[in-house]
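Peer 1: please work out how this folds:
(2 chains, ligands or ions: 3)
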Amino acid sequence: MAKREPSINTENFTAVQLMELDSCSRCGECVDWCPTYDASGKNPGLAPRDKILRWREYMNKSYGLRAKLFGPKEIPEEEIEQFKNDVYGCTTCGMCATVCESAINTVELWESMRANLVKRGNGPYGKQGAFLKLIGEYKNPYMADNKDRTNWFPSDIKIEDKAEVLYFGGCTAELRQRKLALATARVLNKLGIKFTMLGEDEICCGSALIRTGQYYINDIAKINAQKNIDNIKAKGAKIVLYACAGCYRASKIDWPRLTGKELPFKVVHITEFLQDLIEQDKIKWEKSINKKVTYHDPCHLGRHVGVFEPPRAVLEAIPGIEFIEMERIEENQRCCGAGGGVKAGIPDLALGVASTRVEDALATSADILSSACPFCKRNLSDGRDAIGAKELEVEDVIVLTAEAMGIDLSDTPAE
Amino acid sequence: MAMEYFAGVTDALRLTFVQVMIMANLSIGIFIIGMYINIKKWGMGSTGYGQAPSKSILAFPKMLMYQMSEHAHVHNQSVLETFILDILFQRRILRRSPLRWFMHFTIFVGWMVLFVMSLMMFLVEMIHMVGEKAGIHSFPEFMNPEIFREILSVPNDIFSYILLVGIIIAIYRRLFVAKTREATIAYDSVLLIGLTVITISGFVADGIRTGRFWGFEMPIEWAPPMALFHVIISLLFCIAYIPFSKYIHMIAIPLALLANKGGE
Ligand code: HEM
Ligand code: SF4
Ligand code: SF4
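Peer 2: Ligands and ions are numbered 1, 2, ... in the order given. Okay, here's the model as predicted:
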């Protein structure tokens, strides 16, 4: 009799990741800190520890001692389907990795589990399945004409054909949160920094595909990353600026990994760039913002890459701002709830997490909850509306910067 | 905890020594097979992100070396720092909870030191046996098993109690802290129960032999079987069982710490 095939396989896991499943000491720290587990009303399936346990058991049933001796043990299909649902109930915020006593790189593990389950035919989750087609067809996940990325810029915006500095706008800011893209462009113009953009040649950074486990299908994320890199090079750029945490993380960490090469340019977040200029005293502030401002660290900028200080330095430099911190900040920050495909896949869960984060901000009695990512802004605004905290303004650091530099953004067109 | 003493006693106990030797080799054999299966299982993964599974026994060491040499984005600490602060000192536990760190550190130090001392005692016994057979009598005095056991007896007591303190805290947590109790599964409790049985049996074997508190006034003839029981379950549980249980964490966590340069 032929031996039964194992119910799962190890596609998309690295050998170290499979070892990490055996490293979990079940201390439970990750469970205490996970924002989606919390917002789901403590649904046990979402607990990070539990996801590790289940996949470890799948591995042992399929490849452990008993499987070696008596053949693999079958895992019911419903169980795997349930597991898939649970592993997509995660914003890839990385909080579990920060607190893990065993130093497990959990985010990569969730992404590998997702990729594995996509390949197996279970993933992705709900609407996320459309990303691939949309990005393949439209080069952005919003079904927008790719020409619309920058053709809406008012005529005062000066974008060079070629320059040392390139602003990678990203789908969300160029197509949905246009105030942010406009603010970035006008701030650069006003500072006299010659910059270029990719315009209609820009392709989605791949974050949505990578985070939801769909990056390897037709190699699309890799091909797109390479095209973006080539196009950026053709523009003569040495420094690429980002005002979106998702694109920033994807470019800095995922592009080199996908293409297997170091990037031929420097990846810089706009707040890092501004901090540098502030230190050289090159920014002239024209207005003061007399408000209490708190700052939410985007997961993909903060915990994932370690950029904590620059956005704070920018806020503190703006005249009039009284800067106050929320309780959970920097590496202990609480996620806004949008990432990892949750906003598209499980909007209610995203909203639940956002509401909790807005409450964190309200507890500081801040007037403005700022962030440095269009995705955070969108979801935190939704969270604010959900709990009816009308008095709280949600705004991006770059928009506040523009305001304080006396830049008018009232002519921002709708999407 | 009882050190084991086979030399220089009776013929009956020499027989025990053979049994222990067999058990020791068996335990090490099971450990090696278990680790082979684990490394093979880990090797079902790939040697790079997004690459196909390699299914080679070398996949794990290769990927580990690759990750250790790669530049990390957030923390890029040295192997030495990881080894001392994260593996030996276990600061990631300390950061999360000083009490749990104290619990674990006492278990860790107690276990490690007793393990090493048991190993040393075993080697001294071996050298003595072989020496006797070969007619060599010129070993330094402390290499005499009787004397060596005396030398170890105080540190042995100290570290046994250190271990016991940690175990008591761990048991308390698992029984009386609601959140921990509810999350406890067999994977967790088996480890703790096994460790408790070993520690207590060690104390009892030693207590019977010396006639102190832990002997509970049991007859002295019970000392050798109790010692034998202690040694055998220690071997089975603390060596052979590692690859198949939560014990694997003492190998896998240091490896994860190294691979991830101390973690996020
Ligand atoms: C070499 C490094 C080791 C590391 C980094 C490590 C790490 C850990 C961690 C993070 C936990 C979870 C603690 C918690 O619940 O907060 C744990 C639990 C445990 N470790 Fe270790 N460990 C190591 C070695 C050992 C050794 C040598 C032993 C010896 C027996 C041991 C015995 C235990 C026990 C019994 C528990 C469970 C405690 C309980 O049930 O609550 N560990 N370990
Ligand atoms: S990455 Fe964030 S959301 Fe996902 S399991 Fe970890 S803590 Fe929870
Ligand atoms: S924090 Fe890490 S070691 Fe602790 S339960 Fe979670 S995954 Fe396991």
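Peer 1: mean confidence for stretch A:174-183?
Peer 2: Across stretch A:174-183, pLDDT averages out at 95.
Peer 1: go through it and flag the buried ones.
Peer 2: The neighbour-count criterion (16 or more other Cβ atoms under 10 Å in any protein chain shown) identifies A:174, A:175, A:176, A:177, A:178, A:179, A:180, A:181, A:182, A:183 as the buried residues of stretch A:174-183. Where C-beta positions appear, they are placed from N, C-alpha and C, glycine not excepted.
Peer 1: now for those: which two are most distant?
Peer 2: A:175 and A:183 (15.5 Å; Cβ to Cβ).
Peer 1: picking up where we left off before, of all the buried residues of stretch A:174-183, which comes closest to chain B?
Peer 2: Chain B has its nearest neighbour among the buried residues of stretch A:174-183 in residue A:180, at 24.3 Å by Cβ to the nearest Cβ.
Peer 1: do you know how far residue B:189 is from residue B:174?
Peer 2: Residue B:189 sits 7 Å away from residue B:174, going by Cβ to Cβ, to the nearest Å.
Peer 1: dump the residue contacts of residue A:240.
Peer 2: When contacts are counted by Cβ atoms under 8 Å, 6 or more residues apart in numbering or on different chains, residue A:240 is found next to A:165, A:166, A:167, A:168, A:232, A:251, A:265, A:266, A:267, A:268.
Peer 1: which among those end up buried?
Peer 2: Buried, going by 16+ other Cβ under 10 Å: A:165, A:166, A:167, A:168, A:232, A:251, A:265, A:267, A:268, out of these.
Peer 1: give me the subset of these touching ligand 3.
Peer 2: Among these, not one lies near ligand 3 by Cβ under 6 Å from any ligand atom.
Peer 1: would you check which pair of the residues you listed lies furthest apart?
Peer 2: Longest span within the buried ones among the contacts of residue A:240, Cβ to Cβ: A:165 and A:251, 14.6 Å.
Peer 1: pretty sure residue A:228 sits in a helix.
Peer 2: Yes. Assessed by DSSP: H, G, I helix; E, B strand; the rest coil, residue A:228 belongs to a helix.
Peer 1: quick check, pLDDT for it.
Peer 2: Predicted confidence (pLDDT) for residue A:228: 97.
Peer 1: do residue A:264 as well
Peer 2: 97.
Peer 1: which residues touch it?
Peer 2: A:229, A:233.
Peer 1: need phi/psi at it.
Peer 2: Residue A:264 has phi and psi values of phi -80, psi 20 when expressed as degrees, to the nearest 10.
Peer 1: same deal with residue A:160?
Peer 2: According to degrees, to the nearest 10, residue A:160 has phi -70, psi 160.
Peer 1: could you do residue A:368 as well?
Peer 2: phi -130, psi 130.
Peer 1: correct me, but it touches residue A:295?
Peer 2: No. Under the criterion of Cβ atoms under 8 Å, residue A:368 makes no contact with residue A:295, lying 9.2 Å away.
Peer 1: count of residues packed around residue A:13?
Peer 2: The criterion is other Cβ atoms under 10 Å in any protein chain shown. On that basis, residue A:13 has 26 neighbouring residues.
Peer 1: should've said residue B:176
Peer 2: 9.
Peer 1: and it, how far is that from residue B:185?
Peer 2: Counting by Cβ to Cβ, the gap from residue B:176 to residue B:185 is 17 Å.
Peer 1: before we move on, what about residue A:266?
Peer 2: Residue A:266 is 48 Å from residue B:185, by Cβ to Cβ.
Peer 1: hang on, the earlier thing: now, which of the buried ones among the contacts of residue A:240 lie within helices?
Peer 2: Per DSSP state H, helices hold the following members of those: residue A:232.
Peer 1: rebuild the buried ones among the contacts of residue A:240 as CSV, extending it with distance to chain B.
Peer 2: Compiled in CSV, the buried ones among the contacts of residue A:240 are given as follows (distance: Cβ to the nearest Cβ, whole Å):
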residue, distance to chain B
A:165, 22
A:166, 21
A:167, 22
A:168, 18
A:232, 20
A:251, 12
A:265, 17
A:267, 11
A:268, 14
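Peer 1: what's the closest of the buried ones among the contacts of residue A:240 to ligand 2?
Peer 2: The closest of these to ligand 2 turns out to be residue A:251 (Cβ to the nearest ligand atom; 20.3 Å).
Peer 1: quick one: residues contacting the nearest residue to the closest one once chain neighbours are set aside.
Peer 2: Closest residue in space to residue A:251, ignoring its immediate chain neighbours: residue A:267 at 5.0 Å, by Cβ to Cβ, 6 or more residues apart in numbering or on different chains. Counting by Cβ under 8 Å, 6+ apart, residue A:267 makes contact with A:240, A:242, A:248, A:251, A:252.
Peer 1: what is residue A:267 paired to in the beta sheet?
Peer 2: residue A:240 (DSSP bridges).
Peer 1: could you pull out the strands for the stretch 251-400 of chain A?
Peer 2: For the stretch 251-400 of chain A, the strands defined by DSSP state E, counting those that start in this stretch cover A:266-269, A:292-295, A:322-323, A:368-371, A:393-396.
Peer 1: please identify the deepest-packed of those.
Peer 2: strand A:368-371 (a mean of 24; mean count of other Cβ atoms under 10 Å in any protein chain shown).
Peer 1: these two touch, right, residue B:195 and residue B:166?
Peer 2: No. Under the criterion of Cβ under 8 Å, residue B:195 is not in contact with residue B:166, lying 9.1 Å apart.
Peer 1: shared neighbours, these two?
Peer 2: residue B:107.
Peer 1: smallest gap between the stretch 151-264 of chain B and chain A, at which residue?
Peer 2: Residue nearest to chain A within the stretch 151-264 of chain B: residue B:263 (2.8 Å; Cβ to the nearest Cβ).
Peer 1: tally of neighbours for that residue?
Peer 2: Using other Cβ under 10 Å as the criterion, the residues surrounding residue B:263 number 24.
Peer 1: also residue B:250?
Peer 2: Residue B:250 has 15 neighbours, counted by other Cβ under 10 Å.
Peer 1: what about it, is that helix, strand or coil?
Peer 2: Applying three-state DSSP: residue B:250 is helix.
Peer 1: let me see the contact set for it.
Peer 2: residue B:242.
Peer 1: just residue A:408 next, same as before
Peer 2: Contacts of residue A:408 (Cβ under 8 Å, 6+ apart): none.
Peer 1: hmm, try it at 10 Å
Peer 2: A:186, A:402 (Cβ atoms under 10 Å, 6 or more residues apart in numbering or on different chains).
Peer 1: one more: residue A:205?
Peer 2: A:135, A:168, A:170-171, A:221, A:224-225, A:228, A:242, A:244, A:246-251, A:254-255.
Peer 1: hang on, the earlier thing: what is in contact with residue A:368 and residue A:295 at once?
Peer 2: With Cβ under 10 Å, 6+ apart as the test, residue A:368 and residue A:295 both reach A:315, A:361.
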